[in-house]
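A.B. asks: I need the structure of the sequence given here:
(one chain, ligands or ions: 1)
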Amino acid sequence: MRGRAVTTSRSAGDTPEERLSAFVTACGGMTRESGGETICRCPAHDDENPSLNVRLADNGNLLIKCRANCTNERIVAAIDWKLRDLMASQQPKARRANKTRDKKVYGSLEAVSYTHLTLPTSDLV
Ligand SMILES: [Zn+2]
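C.D. replies: Residues are numbered from 1 along each chain as shown. Purely as a prediction, here's the structure:
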């Protein structure tokens, strides 16, 4: 079930655009846009005058910058994200995927040795 869901319907945050949208939504929504940057309220401080600039880098990473100088760590922590969630190469689901990948590696190694063991036998028979 889960494997099928991954291939057919991607959850929010899989593409850079979706992640940007999810991030801005988590910050309370976009307040305005200027020069390709999305401005929203910084969740890490009492932000009455929206001062958090969010934009997508060419590599798909989310770049965030609070004009009140909140650190990225504090900003993502305030909306329950991790820093790695901002990066295109490591999606929010990466932690869970790592475990699955380990199992897959072991599985395929087993399959390889089985192939080596069975092929000569079947040739002889
Ligand atoms: Zn801030």
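A.B. asks: and residue 59, how far from the ion?
C.D. replies: According to CB to the ion, to the nearest Å, residue 59 and the ion sit 24 Å apart. (Glycine included, C-beta is placed from N, CA and C.)
A.B. asks: contacting residues for that residue?
C.D. replies: By CB atoms under 8 Å, 6 or more residues apart in numbering, residue 59 lies in contact with residue 88.
A.B. asks: phi, psi of it?
C.D. replies: Main-chain dihedrals, residue 59, degrees, to the nearest 10: phi -80, psi 0.
A.B. asks: what of the one 4 residues further on?
C.D. replies: Phi and psi for residue 63, reported as degrees, to the nearest 10, are phi -100, psi 120.
A.B. asks: so what's it bridging to?
C.D. replies: In this structure, residue 63 bridges to residue 55 when assessed by DSSP bridges.
A.B. asks: how many neighbours does it have?
C.D. replies: Counted with other CB atoms under 10 Å, the neighbours of residue 63 add up to 13.
A.B. asks: can you check the one 4 residues further on too?
C.D. replies: Residue 67 is surrounded by 13 other residues when neighbours are defined as other CB under 10 Å.
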